[in-house]
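Student: show me the folded form of this:
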Amino acid sequence: MIEGKITHLRTVKEKDLEELYAHFDSLRVRGEYLPASLLSEKQFKKEFEETGLWTGDRGTILLTAPNDNRIIGAIWFERAELFDCLSLRFLIFRENERGIGIMSDALDLFCSYLFSTKKVQRLQIAVPDYLKPAIRVAQKCGFQFEGIARESLFHKGRYLDLCLYSLLRNECKNLEKIYLHYANLSSNG
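Tutor: Sure, this is the predicted structure:
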C-alpha cells in the first residue's frame, strides 16, 4: 500500500472484484472519458485470475479511503504502442468525491511509484479537450501539454480531439520523497 495525504493506493484484491466490476460496467460512472466498450464479467474475472490486473506492461491500482479502506477510484497504466512510455487513465467513481483533491494526491503518488519501480522515462495522459477537471489534475501533477491528437478517439458516434500531456522522470516532483519512503520501510522491516 502507498499512503498519501488524503488517499491510499493499493492493488486489486479478489474481494474487490464485484464492486470494481460494477463501477467498470456502468457507462454512467465511466463518463465521457473512458471508452464505451463493455467487458464481460467473466472476462474481467478471468483477467484478474491470470494477472491480478497487474503485469509489467499494464495494471490497475485502487484509490481507497484511509480511514475505512472504501474504494474511491482507480488509475490504470499500460505501455503505449507508439512511444516508449506508459499511458495513464484515472477515475473517481462517485461524483461527490470528485473535485476535492483526491485524484491529484493519488496521481502524484502513482507517478512517483511508477518512476521509482519501472524503467520508464515518460508518462502520458490523453484526455478530451472538454474534460477540464481531468486536465486540471494533469496540470496540477506537473504534466506538460504537448499538443492535440486530432480526431483520435471515437466516442458516441463521432471522433474527438484528445489533449496530450506528459511527465518526464526529471519533472516528477515527489520522486525523492517516494525513494525515502521505501528506504525507511526497508530499514524498519
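Student: the lengthiest helix in the chain: how far from the chain's middle?
Tutor: Ranked by number of residues, the top helix in the chain under DSSP state H is helix 102-117. Taking C-alpha atoms, centre = their mean, to the nearest Å, one finds the center of helix 102-117 at 9 Å from the center of the full chain.
Student: quick check: residue 62 touching residue 19?
Tutor: No - using C-beta atoms under 8 Å, residue 62 is not in contact with residue 19, being 9.9 Å away. For every residue, glycine as well, the C-beta is placed using N, CA and C.
Student: need the residues touching each of these two.
Tutor: Between them, residue 62 and residue 19 share these contacting residues under C-beta atoms under 8 Å, 6 or more residues apart in numbering: residue 71.
Student: out of these two, which sits in the busier spot?
Tutor: residue 62 (24 against 13; other C-beta atoms under 10 Å).
Student: returning to what we had before: what sits up against the longest helix of the chain?
Tutor: With C-beta under 8 Å, 6+ apart as the criterion, helix 102-117 contacts 2, 4-7, 9, 61, 63, 72-73, 75, 77, 86, 88, 90, 92, 120, 123, 137-138, 140-142, 167, 169, 172-175, 177-179, 182.
Student: only the buried subset of those residues, as a ChimeraX command please.
Tutor: Selection of the buried residues among these in ChimeraX, burial being defined by 16 or more other C-beta atoms under 10 Å:
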select :2,4,7,9,61,63,72,73,75,77,86,88,90,92,120,123,137,138,141,142,167,172,174,175,178
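Student: leaving aside the residues next to it on the chain, what's closest to the most centrally placed residue in the chain?
Tutor: In the chain, the C-alpha nearest the mean C-alpha coordinate belongs to residue 75, at 2.1 Å (C-alpha atoms, centre = their mean). The shortest distance from residue 75 to any non-neighbouring residue, by C-beta to C-beta, 6 or more residues apart in numbering, is to residue 90 (4.5 Å).
Student: assign a three-state SS to that neighbour, would you?
Tutor: strand (DSSP: H, G, I helix; E, B strand; the rest coil).
Student: who's in contact with it?
Tutor: 73, 74, 75, 76, 103, 106, 107, 134, 137.
Student: confirm the fourth one sits in a helix?
Tutor: Read it as residue 76. No - assessed with three-state DSSP, residue 76 is strand; it does not lie in a helix.
Student: just confirm it contacts residue 55, I think it does.
Tutor: No - Residue 76 is not in contact with residue 55 according to C-beta under 8 Å; the separation is 11.9 Å.
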